[in-house]
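Student: Okay, predicted coordinates and the sequence, questions at the end:
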Amino acid sequence: MRDFLPVTREDCEKRGWGQLDFVYVIGDAYVDHPSFGPAIISRLLESHGFSVGIIPQPDWRDERSIQIFGEPRLGFLVSGGNMDSMVNHYSVSKKRRETDMYSPGGEMGRRPDYAVVVYGNLIRRTYKHTPLIIGGIEASLRRLAHYDYWSNKVRRSILLDSGADLISYGMGERSIVAIAEALAGGLAVEDITFIDGTVYKTRDRGLLEQNRACALPAFEEVRASRRTYAESFYTQYRNTDHFTADTLYETYDKKLFVVQNRPSEPLSQEEMDRIYALPYMRACHPMYEKAGGIPAISEVIRVFNKSDLKKPVGKFDIAVSAKTGNGLDKLKKLIAERSFGDIALDKAYVVEERHYAALLKAAKALKSATENLETLTLDIIAVDLKDAWDALGEITGETANEEIISTVFSKFCVGK
């Protein structure tokens with residue numbers, strides 16, 4: 001049956017499914033396309049024989065919103081979506097954004113702040129002992145103690161704040177299948193401590209010794225010292241390669257350990273081809289049609305490749321051949337049109353307010369210099385020219401005072 005995965009009990013009945021193996025709660029609207037992480041994870045599980053139901057953007061103020069499928073046989077999966085929910089909601093100056101590209105019609109407010117933590121606790125209020133696995137960019141970035149730009153605090157691992165049992169971090173294709181098979185084999189979720197690309201919690205120090213885990217500074221130390229935080233981050237940074245990384249752990253209150261296994265092994269080309277060839281609908285769910293669809297999926301360009309070998313079939317925007325070059329110029333033009341709209345690409349544009357102000361300052365100084373060429377001495381005109389030069393230097397970086405540096409860095413989330 002080629003269709004969207006179930007979003008209601010009626011959808012399950014059409015497939016002949018009773019109790020689902022997994023219920024997947026996501027912060028985005030449901031888009032069944034491989035450019036959306038939850039679609040890949042859910043279709044991959046389906047291809048391995050597991051039944052998956054999707055609860056997109058549940059009402060976090062109503063516990064019933066995550067109960068529509070009942071308790072899953074193996075566990076709940078939670079993802080904040082394709083974007084971190086805080087980045088989705090706020091600009092770097094912490095101003096609320098007006099649109100959500102991953103919600104119906106671009107409507108803002110369809111997911112909570114810190115979505116993974118909120119959804120995890122919502123599930124735990126009803127299903128206290130059901131395995132709960134979190135993943136996606138929001139969980140991955142927060143898998144250990146981390147600086148939270150939005151609250152300006154060092155926060156605990158999201159594993160603890162969400163009430164989850166496991167984090168599937170980074171690229172989760174291998175780890176999610178291994179977790180599913182372990183649960184289906186009857187293994188308790190607290191005993192799943194051996195899968196690459198996962199983070200778990202334990203109080204068993206012997207397990208750390210058995211795995212020769214490398215100790216990171218304790219959470220209390222990281223929170224108290226910026227230097228210690230930096231040292232901990234550097235150790236994590238050095239352990240991001242599957243082939244060389246060690247198991248790492250972080251201590252909380254001297255008795256609880258959050259343990260990060262080494263990253264998952266990268267997928268081979270053949271494995272990636274199989275995953276991206278799964279039966280995605282490659283569209284947003286039809287329940288969003290009245291709202292105007294999902295803006296993020298409208299930006300996708302469907303390319304039919306290898307047009308030199310076979311006649312293009314199915315729905316696509318453009319057919320190309322990487323071998324002959326046929327269609328590539330049209331593809332570049334289409335990308336430009338989708339990216340820039342009616343903007344003329346042969347002209348220069350100012351996109352930063354700071355740059356615009358500097359250009360105005362330079363123009364004003366140059367105007368003053370030209371207007372006074374006949375009446376003032378060259379040394380006085382040189383002052384205007386230097387002002388213009390300095391203003392342009394604020395853009396190129398050739399002149400940068402403390403005020404400019406502070407302005408630039410106030411717009412970047414250095415912690416992330």
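Tutor: Done, it's in.
Student: Poorly predicted segments of this protein, please.
Tutor: 312-316, 342-346, 399-416 (pLDDT under 70).
Student: hang on, residue 134 packs against residue 78?
Tutor: Yes. Taking contacts as Cβ atoms under 8 Å, residue 134 lies within contact range of residue 78: 4.6 Å. For glycine as for every other residue, the C-beta is placed from the backbone atoms N, C-alpha and C.
Student: residues shared between the contacts of the two?
Tutor: Residues touching both residue 134 and residue 78 (Cβ atoms under 8 Å, 6 or more residues apart in numbering) are 116, 120, 162, 164.
Student: what's the helix or strand for the first one?
Tutor: Using DSSP states H and E, residue 116 sits in helix 115-126.
Student: pull the CA atoms of that helix into PDB?
Tutor: Provided in PDB are the C-alpha atoms of helix 115-126 (Å, rounded to 0.1, in the frame of the first residue of the first chain):
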ATOM      1  CA  ALA A 115       9.700  21.200  21.600                       C
ATOM      2  CA  VAL A 116      11.600  17.900  22.400                       C
ATOM      3  CA  VAL A 117      11.600  18.600  26.200                       C
ATOM      4  CA  VAL A 118       7.900  19.600  26.100                       C
ATOM      5  CA  TYR A 119       6.800  16.600  24.000                       C
ATOM      6  CA  GLY A 120       8.800  14.200  26.100                       C
ATOM      7  CA  ASN A 121       7.300  15.400  29.400                       C
ATOM      8  CA  LEU A 122       3.800  15.400  27.800                       C
ATOM      9  CA  ILE A 123       4.300  11.700  26.900                       C
ATOM     10  CA  ARG A 124       5.700  10.800  30.300                       C
ATOM     11  CA  ARG A 125       2.700  12.200  32.100                       C
ATOM     12  CA  THR A 126       0.600   9.500  30.500                       C
END
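Student: Pull the distance from it to the chain's centre.
Tutor: On the basis of Cα atoms, centre = their mean, to the nearest Å, helix 115-126 sits 19 Å off its chain's mean C-alpha point.
Student: Residues contacting it, please?
Tutor: With contact meaning Cβ under 8 Å, 6+ apart, helix 115-126 is reached by 25, 27, 58, 60, 63, 65-67, 76, 78-81, 85, 112, 130, 132, 134, 136, 138-139, 142, 158, 161-164.
Student: Okay, and which of the residues you listed map to strands?
Tutor: Among those, the members falling in strands (DSSP state E) are 25, 76, 78, 79, 132, 134.
Student: Would you mind listing the two of those residues that lie farthest apart?
Tutor: 79 and 132 (12.0 Å; Cβ to Cβ).
Student: So for the two, which sits in the more crowded spot?
Tutor: residue 79 (28 against 23; other Cβ atoms under 10 Å).
Student: residue ranges for the strands of the stretch 151-300 of the chain, please.
Tutor: Applying DSSP state E, counting those that start in this stretch to the stretch 151-300 of the chain gives strands spanning 153-155, 166-168, 198-202, 214-215, 248-252, 256-260, 283-284.
Student: partner strands of the second one, parallel or antiparallel?
Tutor: Here strand 166-168 is paired, per DSSP bridges, with strand 132-135 (parallel), strand 198-202 (antiparallel).
Student: Now do the buried residues in the first one.
Tutor: In other words, strand 132-135. For strand 132-135, a neighbour-count test (16 or more other Cβ atoms under 10 Å) marks 132, 133, 134, 135 as buried.
Student: Off-centre distance for that strand?
Tutor: On Cα atoms, centre = their mean, the centre of strand 132-135 falls 15 Å from the chain's centre.
Student: Need the contact partners of it.
Tutor: Residues contacting strand 132-135 (Cβ under 8 Å, 6+ apart): 37, 41, 75-79, 116, 120, 123-124, 158-159, 162-169, 172, 176, 179.
Student: cool, the last one as well?
Tutor: Outside of strand 198-202, the residues within contact range by Cβ under 8 Å, 6+ apart are 143-144, 157, 159-160, 165-169, 175, 179, 190, 192-193, 208, 256-261.
Student: okay, how far is it across stretch 101-115, tip to tip?
Tutor: Distance between the two ends of stretch 101-115: 16 Å, counting by Cα to Cα, to the nearest Å.
Student: Return the distance of that stretch from the chain's centre.
Tutor: 14 Å.
Student: Give the buried residues for it.
Tutor: Buried, per 16+ other Cβ under 10 Å, within stretch 101-115: 101, 102, 103, 104, 106, 110, 111, 112, 114, 115.
Student: right, and the fourth one touches residue 29 too?
Tutor: Yes. Using Cβ under 8 Å, residue 104 makes contact with residue 29 at a distance of 5.6 Å.
Student: Which residues are in contact with each of these two?
Tutor: Common neighbours of residue 104 and residue 29 (Cβ under 8 Å, 6+ apart) are 110, 288, 294.
Student: Looking at those residues, which is nearest residue 203?
Tutor: For the shared contacts of residue 104 and residue 29, the nearest to residue 203 is residue 110 (37.8 Å; Cβ to Cβ).
Student: Now do the closest one against residue 136, distance only.
Tutor: Taking Cβ to Cβ, to the nearest Å as the measure, residue 110 falls 16 Å from residue 136.
Student: next one: residue 203
Tutor: 27 Å.
Student: With neighbour numbers in mind, choose between these two.
Tutor: Neighbours were counted for residue 203 and for residue 136 using other Cβ under 10 Å; residue 136 has more, 28 against 8.
Student: Skipping its backbone neighbours, what lies nearest the more buried one in space?
Tutor: residue 79 (3.5 Å; Cβ to Cβ, 6 or more residues apart in numbering).
Student: in terms of contact, does the one you found touch residue 140 like I think?
Tutor: No. Using Cβ under 8 Å, residue 79 makes no contact with residue 140, being 10.0 Å away.
Student: quick revisit: spatially, which two of the buried residues of strand 132-135 are the most separated?
Tutor: Farthest pair in those (Cβ to Cβ) is 132 and 135. Separation: 10.9 Å.
Student: gap between residue 124 and residue 361?
Tutor: 55 Å.
Student: Just the buried ones from the contacts of strand 198-202?
Tutor: The buried subset of the contacts of strand 198-202 - by 16+ other Cβ under 10 Å - is 143-144, 157, 159-160, 165-169, 175, 179, 192-193, 208, 257-261.
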